[in-house]
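**Student:** Okay, predicted coordinates and the sequence, questions at the end:
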Amino acid sequence: MEWVKSINLAIEYIEDNIAENITCEDVARHIYLSSFHFQRTFSLFTELTVGEYIRNRRLSLAGQEFLTSKQKVIDIAMKYGYDTPESFTKAFKRFHGVSPNEVKKQGTILKSFNRLILKIILEGGSSMDYRIEKKEAFQVVAKTRLINNETPDVDCPKFWSEYYAAGLWQKVCGMIGICAQAKESSSEFKYGIGCDRKYVKEIPEGFEVLELPAYTWAIFTCVGAMPLAIQSMWKRIYGEWLPASNYELISDYDIEFYTEGDSSKDNYISEIWIPVKEK
């Protein structure tokens, strides 16, 4: 429930400052969440990035202003954060299908993108398989890359494809995808592909060792083809399990664990590990 409340507070802040130069980091600070967790939860619940929501709302409001005022294109462009009329016109036409100068024509159709309001809808219950395990500190050997908070659904699969295309799996098997969340407000997080240190004799060039502290982990079993199965489970963890459980999330590392087998099959098994503490 608190996640939904936080996202609604974030949307309210965005709406109150829609014409200001706000960033994802600004909104996250306002609701006392890390930029990483804010962007993840916002995308899980809305299926939009924060940037997409802000951009769509601005262009929708700009269209309304052209219909109800006599302001110049440059004035509305500057109001909604565009540096030039040309960049604004390009974005406006991509969103509405018409240019700003065509809006005044009779019969012109504009798109409306309304403010979001998140609500809890209780549906028929379905089971989630998870276990709670205490683990001592351990190490992960990984090839890492900085990932933009707004584009992990594109950047992480691309990284995996490049990892296998380059044959790096022959040096370090890709059993684990690991997120190392930024300790301070940041637009990026470190993402790694690799495995437990105990399976690697020598650290290959270009890889690093990540130190994971001793934690209590909530470990969720995902059954189904990738990436839909694991993406669906992330949404259920934030939307169902965390609000109802006696645990709260620790903002540090989280892990996606991949078993051997065909990840395109409906019976493929994977896991999500998140560090937690009792409320």
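**Tutor:** That came in fine, so what should we check first? Numbering: from 1, shown residues only.
**Student:** which residues sit against stretch 213-228?
**Tutor:** 128-137, 157, 229-230, 232-233, 237, 241, 245, 247, 250, 252, 258, 263-277 (Cβ atoms under 8 Å, 6 or more residues apart in numbering). Every residue, glycine included, has its C-beta placed from N, CA and C.
**Student:** Can you select the buried ones among those for me in PyMOL?
**Tutor:** Entered in PyMOL, the line below selects the buried ones among the contacts of stretch 213-228, by 16 or more other Cβ atoms under 10 Å:
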select buried, resi 130+229+230+233+237+241+245+247+250+258+263+268+269+270+271+272+273+274+275+276
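**Student:** Out of the contacts of stretch 213-228, name the ones that lie in helices.
**Tutor:** Among the contacts of stretch 213-228, the members falling in helices (DSSP state H) are 157, 229-230, 232-233.
**Student:** Residues contacting whichever strand or helix holds Ile76, please?
**Tutor:** For Ile76, the element it lies in under DSSP states H and E is helix 73-79. Here helix 73-79 makes contact (Cβ under 8 Å, 6+ apart) with 19, 62, 65-66, 84-85, 87-89, 100-101.
**Student:** So Thr144, which state does it fall into?
**Tutor:** strand (DSSP: H, G, I helix; E, B strand; the rest coil).
**Student:** State the distance from it to Leu212.
**Tutor:** Using Cβ to Cβ, to the nearest Å, we find Thr144 at a distance of 14 Å from Leu212.
**Student:** Quick check on the contacts of helix 73-79: which are buried?
**Tutor:** Buried among those (16+ other Cβ under 10 Å): 62, 65-66, 85, 88-89, 100.
**Student:** between these, which is nearest Ala28?
**Tutor:** When those are compared for distance to Ala28 (Cβ to Cβ), Ala62 comes out closest, at 25.2 Å.
**Student:** thought Phe189 was touching Ile178?
**Tutor:** No: with contacts defined as Cβ atoms under 8 Å, Phe189 does not count as touching Ile178, sitting 10.4 Å away.
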